[in-house]
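[1] for reference, the sequence and a predicted model appear below.
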Amino acid sequence: MMKGWRTIALTAVLAAIASAAGTWIGASWVLDRREPPSLHDIVHDELDLTAAQHAEIDVIEARFAAIRPGLEGEVRAANLELAQAIEQGEGDGPQVQAAVDHFHAAMGALQKETIAHVFEMRSVLTPEQAAVFNDRIVEALSPTES
């Protein structure tokens with residue numbers, strides 16, 4: 001009877017590890033495959049900004065550049081926490097779920113700040129520039145067929 005439980009526990013642990021590895025490999029492949037233009041490239045290379053707009057956007061970019069490393073660091077820390085929980089855990093238990101929740105919260109905070117940054121930059125643009133900006137952002141965020 002004890003051998004049956006060991007087999008079940010081992011199967012659950014291996015399934016959790018395989019699931020995490022598959023998710024990581026899939027996400028890495030998708031991210032490596034398609035790299036959309038950066039906001040900086042869209043704004044500075046594709047829009048005909050005035051000197052005043054450049055100055056305002058430089059301030060906005062500097063403000064975001066100051067907070068982004070902390071947000072990205074929190075995502076990396078949450079990812080490490082998840083890796084350790086998977087390594088130490090007996091499957092998809094409370095430790096793994098807490099680490100997943102931490103990762104989701106960190107990614108959510110980064111995404112919310114990034115979206116706020118996008119809208120703050122857009123507020124500096126003329127309606128014509130904003131239309132081009134919106135099109136490029138939507139294009140960058142939309143999946144493409146390969």
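    Received it, and whenever you're ready, just let me know what you need.
[2] look at the nearest residue to Asn79 once chain neighbours are set aside and give its secondary structure.
    Among residues not flanking Asn79 along the chain, Phe103 sits closest, at 6.2 Å (Cβ to Cβ, 6 or more residues apart in numbering). C-beta coordinates here come from the backbone N, C-alpha and C atoms, glycine included. The three-state label for Phe103, taken from DSSP: H, G, I helix; E, B strand; the rest coil, comes out as helix.
[3] now for Phe103: which residues touch it?
    The contact partners of Phe103, taken as Cβ atoms under 8 Å, 6 or more residues apart in numbering, are 75, 78-79, 81-82.
[4] in which helix or strand would I find Phe119?
    helix 94-122 (DSSP states H and E).
[5] now the helix or strand following that helix: mean pLDDT?
    Elements were assigned by DSSP H and E; along the chain past helix 94-122, the next helix or strand is helix 127-141. Helix 127-141 shows a mean pLDDT of 88 in the predicted model.
[6] Val75 versus the residue nearest to Asn79, what's the distance?
    Between Phe103 and Val75 the computed distance is 7 Å (Cβ to Cβ, to the nearest Å).
[7] and if you look at Glu128?
    Computed with Cβ to Cβ, the distance linking Glu128 and Val75 is 35 Å.
[8] tell me which of these two has more neighbours.
    Val75 (18 against 10; other Cβ atoms under 10 Å).
[9] name the residues of the helix or strand containing that one that come out as buried.
    Val75 belongs to helix 51-88 when assigned by DSSP H and E. Applying a neighbour-count criterion of 16 or more other Cβ atoms under 10 Å, the buried positions in helix 51-88 are 53, 56-57, 60-61, 64, 71, 74-75, 78-79, 81-82, 85-86.
[10] then stretch 136-146?
    Under 16+ other Cβ under 10 Å, the buried positions of stretch 136-146 are 136-137.
[11] who's in contact with the residue nearest the centre of the chain?
    Geometric centre of the chain, nearest residue: Met107, 5.6 Å, by Cα atoms, centre = their mean. Contact criterion Cβ under 8 Å, 6+ apart gives 75, 78 as the residues in contact with Met107.
[12] could you point out which residue ranges in this structure have low pLDDT?
    Counting by pLDDT under 70, the chain shows low-confidence ranges at 1-6, 8-16, 18-37, 144-146.
[13] OK, contacts around the closest residue to Glu120 other than its chain neighbours?
    Nearest in space to Glu120, with sequence neighbours left out and distances taken as Cβ to Cβ, 6+ apart, is Ile60 at 5.3 Å. Under the criterion of Cβ under 8 Å, 6+ apart, the contact list for Ile60 reads 117, 120-121, 124.
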